[in-house]
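Peer 1: Take this sequence and fold it.
(3 chains)
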Amino acid sequence: MTKTILTVDDSRTMRDMLHLALTEAGFRVVQAVDGLDGLEALDKAQADIIITDINMPRLDGFGFIEGVRGNEKHRATPILVLTTESDAAKKQRARDAGATGWIVKPFNPDKLIDAIRRVAA
Amino acid sequence: MDPLAAIKVTFFQECEEQLAELESGLLAMEAGDTDSEIVNAVFRAVHSIKGGAGAFSLEALVRFSHVFETALDLVRGGAITPDQDVLKLLLRSADILADHVRAARDGGEVDEARSHAMAEELEALAGGGEGGGSAAEADDGFGDFDFKPLMVSFDEAPASEAPATEAPVAEVAPEPSGRSFIIRFYPQAALYQKANEPGLLIRELARLGEVAVEVDGSGLPNLAEMNPEDAYLGWRVTLTAPKADIAAVREVFEWVEGDCYLDIVEPAAQSAAAATAAPEIDATQPEVDVMALIRQAQEAVIPQAAAPAPASLEPAKAASPDASKAKEVALDAKAQAATREAGGSPQTIRVDLERVDRLIDLVGELVINQAMLAQRVAECGLQRASSVAMGLDDLEHLTREIQDSVMAIRAQPVKSVFQRMPRLVREIAAMTGKEVRLVMDGEGTEVDKTVIERLSDPLTHMIRNAIDHGLETPEERVAAGKPREGLVRLAALHRSGRIVIEIVDDGRGINRPKVRQIAIDKGLISAEANMSDDEIDNLIFMPGFSTATTISDISGRGVGMDVVRRSIQSLGGRITISSRPGQGSTFTLSLPLTLAVLDGMVVTVAGQTLVAPLTAIIESLQPKSGDVRQLGPNASVIAIRDTHVPLIDIGRALGYRQNSPSPTESVALLVEGEGGARAALLVDAIQGQRQVVIKSLEANYRPVPGIAAATILGDGRVALILDVDAVMVPKPLERAASGPSAQTELAAPAPSLLKAG
Amino acid sequence: MTDAKAQKSARTEAKNRNELISFLIGDQEFCVDVMAVREIRGWTAATMLPQTPNFIKGVINLRGAVLPIVDLGARMGLETTDPSDRHVIIVTRIKEQQVGLLVDAVCDIIMPGEATVQETPDVACETVKVFVKGLLTLDGRMISLISLDHVLPEALDDGETDDHANMAA
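Peer 2: Okay, here's the model as predicted:
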């Protein structure tokens, strides 16, 4: 079954790149432009995996992850955070919020698919 | 264009937006705005540019934006105070960043010396803010731009040869000797709560070499005592990976560090054979076996964490046939070249609004000229089938098309207004103690920029109103059998040449008896008025329907729905409400897509040519002598079918004349105001219907009471566009002179003013 | 007396001040800074604006733009003008707005340094003080230098608010 990945990023460039890499890898992609939009998207559609940016307007990645984890329906959905490598503190905050893992920005497609495979069977 | 080149185009477009955001944010800060959201937006702008630039390997851009971002992060965190000097530096840096973006896009050169000097200034600033650590930190950030895969795709190298050969972790030098590791791994509940799965981690280990896995179930309690959310199992994995190092092994557990007990030892002297007690696994098919093993033990314990095994390989398989394609996505100079070949610059251009408006003016002139020409030709008595007349028809068609196209340039999605609403909703929900969910639809619906700009205030007010007045408290809702959380829906759509915006709530609906009582108390309607539910609901839009006694802090601020209605009207729009008690209210705004043209009725009043908006006109009629009745010293009404409506002489209303002509020698336009009230407007003659180009009076002179705007007619003269609602409102002086309300007087003889018609 | 010609003369004089354009209202001569002047055109019938002060003559179509016309004489408290074909509209730019000034006739361009400027004497009444920022003497003529800042001033806003209140129904 094709897996659905929700990507949450305020950058159109990032969203497009994720979309390209993920669809080429055979995933179905649902996009959201910020944390709130992401939560709304999850209300409407089930995602198997979530990839989220941290710095976003309205609701940032931390808030978004907390929101996802607060919903019974999505407690077991893997969430990967897109982050910059030097942000150790941010990784920790994301983990505290309930993130499953992270992808270092800028990612390359192989790394991205690798990371996804580490959280989704 | 290949997809990557297209993304790159998007990237540069986005860069321009981010640069604009960056600049306006810094300028706002310079002007003293300390809103943390601005600092965040400024940081995000640079952060986004850096992110995208990294993906496209635009190294110079990455380098500069990184230094810039580091400084902004410190400003954001409060380590650097953004005083005027700092802001000047940041603004100059924004300029350099813009240069970098454009150089990356167009292949030009950046003034290296200037950029370098600026980067040094930023580093010095950042160094001051965080105690000199910035340079090292900056270097750290670049360690990341190695685009070689950290791990080779599993399917590419399925053999027992350790696949990590080609690319060990970039930052860590591989240790020379191959060896084996014993890993003891005991997850804690937190690991599962973050949706990590031991099975998948062990599969990762298997990619490094041969694994032997033992499950330790000794921690399992009796079934009765078992908490499905807790973690009871542990694993002992023996990994034989001749070319892996301990860092690579650790990296597998990177994400779960802190959420498990992990012990990795490398018994140098010991061989992998020491672990023979565990079942051996054929590394050529590691997933299936390992997974099966793990799942057997796991499934009963943590059902929600275990996904079906057969799906386990899917992503990897799907990825591998396209490995070559995937490499293209490792973005490089090729994409850059492609972008340039495909036309170089982005597909949008930024144009001064003034230029667009000038173009709109010119097209307006063209429309007028075309109309004049058509009139002249008609006067010459040429036949409609003549080639000149037919040519003119084509010209008219083309002119209209040009006009539409030009108007479309100003169109923008309503998103920019809509996206401010979620925050507003959160704030008001917090203030009122209500639980609210905002749903938005049709954010992409486009409408003229000016309409968008002027929608913000009325929408803000209406959303406030919907939450504050419309929605009940969670307790009330539960008591009424509704979900605790109230729903507010904001939707935009195009309908028959207009944009319609709906604000829907599922709250208590309009309290009709109360509204009716207020209207009676305020003298807006007579106590006997027989009104339909709809008419009562619409009373809230009436001027003078001040809900001051019931208005709370939030919705109040001295603004009533009549002000909302006025601002919608000033955009040429209409607002209506429909409400169902206990089920909620729906406010519907209908607005023209552009403020530039209007369908109007051209009329003559006291020698002046005026235009009445067609949307307000219900019909035109010729008053008969018996229809008009004097009412009080200054007012009269006209019987239209079985009701009486106020008769207003436009000539007098606008001060063009002191005495009205005989109604029977004039024409009456039956109009409906935004609140649903009707009136008959007396004019001398009707010239015809016409689409006119709207010219702002406000911008060119100042607002004129009773006049909505101006236009230029076919004869080249300026004609004024009537503000129907303004002329329908009785003037305050008259009201003061004639008792509690002129309208009350009017309402008495007829069943009700609103009932009229 | 085109802008181009005026500018050419300005350059040859190379003085700091701009040249001025002088015009007649009744038997008095006034002038304004030529830089504020966009064009000069003959009178065309204006569309009346309701509820406006008597010195607002209405609006005209200036190549697709709506141009308000101020009767400058009436604005300064002189007699109101009854415009005819011989009257002239000086199109000026005041702050961000274009405004047409209705005057009787345009007379002259005064070169920089050509006339001496004297401060407005104290005898002047309030209205004059608001609009006249100096007096020029040239060939025995007295020319009042007009400040355009107050042609559409706050004072008009006040009047306008009253008009609002008087808005007829």
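Peer 1: Quick one: the strands in chain C, in order.
Peer 2: C:20-25, C:28-33, C:37-42, C:56-62, C:65-71, C:88-94, C:97-103, C:105-110, C:116-118, C:132-138, C:141-146 (DSSP state E).
Peer 1: can you tell me the average pLDDT over the last one?
Peer 2: Pointing back at strand C:141-146 there. For strand C:141-146, mean pLDDT is 88.
Peer 1: Now render the strands of chain C as JSON lines, adding mean neighbour count.
Peer 2: Every residue, glycine included, has its C-beta placed from N, CA and C. Shown next, in JSON lines, are the strands of chain C (neighbours: other C-beta atoms under 10 Å in any protein chain shown):
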{"stretch": "strand C:20-25", "mean neighbour count": "23"}
{"stretch": "strand C:28-33", "mean neighbour count": "19"}
{"stretch": "strand C:37-42", "mean neighbour count": "16"}
{"stretch": "strand C:56-62", "mean neighbour count": "24"}
{"stretch": "strand C:65-71", "mean neighbour count": "23"}
{"stretch": "strand C:88-94", "mean neighbour count": "20"}
{"stretch": "strand C:97-103", "mean neighbour count": "22"}
{"stretch": "strand C:105-110", "mean neighbour count": "17"}
{"stretch": "strand C:116-118", "mean neighbour count": "12"}
{"stretch": "strand C:132-138", "mean neighbour count": "16"}
{"stretch": "strand C:141-146", "mean neighbour count": "19"}
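Peer 1: Which of the ones you listed comes out lowest on mean pLDDT?
Peer 2: strand C:116-118 (a mean of 81).
Peer 1: helices or strands up against that strand?
Peer 2: Here strand C:116-118 touches strand C:132-138, going by 3 or more C-beta pairs under 8 Å, 6 or more residues apart in numbering or on different chains; DSSP states H and E.
Peer 1: From the contact counts, what lies against the strand it packs on?
Peer 2: If you count contacts as 3+ C-beta pairs under 8 Å, 6+ apart, strand C:132-138 packs onto strand C:116-118, strand C:141-146.
Peer 1: That one pairs with which strands, parallel or anti?
Peer 2: Sheet partners assigned to strand C:132-138 using DSSP bridges are listed as strand C:116-118 (antiparallel), strand C:141-146 (antiparallel).
Peer 1: what sits up against the first one?
Peer 2: To tie it back to what came earlier, the one meant is strand C:116-118. By C-beta atoms under 8 Å, 6 or more residues apart in numbering or on different chains, the residues outside strand C:116-118 that reach it are C:Gly134, C:Leu135, C:Leu136, C:Thr137, C:Leu145.
Peer 1: Apply 10 Å and report the result again.
Peer 2: With C-beta atoms under 10 Å, 6 or more residues apart in numbering or on different chains as the test, strand C:116-118 has contacts from C:Arg17, C:Leu20, C:Lys133, C:Gly134, C:Leu135, C:Leu136, C:Thr137, C:Leu138, C:Met142, C:Ile143, C:Leu145.
Peer 1: rewinding a little: nearest to B:Val564, of the strands paired with strand C:132-138?
Peer 2: strand C:141-146 (43.4 Å; C-beta to C-beta).
Peer 1: quick one: that closest one to chain centroid distance?
Peer 2: How far strand C:141-146 lies from its chain's middle: 12 Å, per C-alpha atoms, centre = their mean, to the nearest Å.
Peer 1: Same check on stretch B:583-601?
Peer 2: Stretch B:583-601 has its C-alpha centroid displaced from the chain centroid by 20 Å (C-alpha atoms, centre = their mean).
Peer 1: likewise stretch C:127-137?
Peer 2: With C-alpha atoms, centre = their mean as the basis, stretch C:127-137 stands 12 Å off its chain's centre.
Peer 1: ditto for stretch B:435-451
Peer 2: 6 Å.
Peer 1: Determine how far the last residue of that stretch lies from the first.
Peer 2: From its first residue to its last, stretch B:435-451 covers 31 Å (C-alpha to C-alpha, to the nearest Å).
Peer 1: ok, is that stretch in contact with chain C or not?
Peer 2: No - using C-beta under 10 Å from any C-beta of the partner chain, stretch B:435-451 never reaches chain C; the gap is at least 16.2 Å.
Peer 1: Now stretch B:29-37: buried residues?
Peer 2: Buried residues in stretch B:29-37, counting neighbours by 16 or more other C-beta atoms under 10 Å in any protein chain shown, are found at B:Met29, B:Glu30.
Peer 1: Only alpha carbons, please: show it as CSV.
Peer 2: Extracted in CSV, the C-alpha atoms of stretch B:29-37 (Å, rounded to 0.1, in the frame of the first residue of the first chain):
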residue,chain,number,x,y,z
MET,B,29,11.9,47.1,14.0
GLU,B,30,13.9,50.2,13.2
ALA,B,31,10.7,52.2,13.6
GLY,B,32,10.4,50.8,17.1
ASP,B,33,8.1,47.8,16.6
THR,B,34,9.1,45.2,19.2
ASP,B,35,6.5,42.5,18.3
SER,B,36,8.4,39.3,18.7
GLU,B,37,6.5,37.9,15.7
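Peer 1: quick one, strands of the stretch 301-450 of chain B?
Peer 2: Here the stretch 301-450 of chain B has its strands, by DSSP state E, counting those that start in this stretch, at B:411-413, B:436-441, B:446-448.
Peer 1: Count the residues that sit near B:Ser24.
Peer 2: 14 (other C-beta atoms under 10 Å in any protein chain shown).
Peer 1: Now do the same contact list for whichever residue of chain C sits closest to chain A.
Peer 2: Distance from chain A to each residue of chain C (C-beta to the nearest C-beta) is smallest for C:Glu96, at 32.8 Å. For C:Glu96, the contact set (C-beta under 10 Å, 6+ apart) comprises B:Ala699.
Peer 1: on that earlier part again, got the strands of chain C as CSV, with distance to B:Arg565 columns?
Peer 2: Shown next, in CSV, are these (distance: least, C-beta to C-beta, whole Å):
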stretch, distance to B:Arg565
strand C:20-25, 45
strand C:28-33, 44
strand C:37-42, 39
strand C:56-62, 27
strand C:65-71, 26
strand C:88-94, 34
strand C:97-103, 29
strand C:105-110, 48
strand C:116-118, 54
strand C:132-138, 45
strand C:141-146, 43
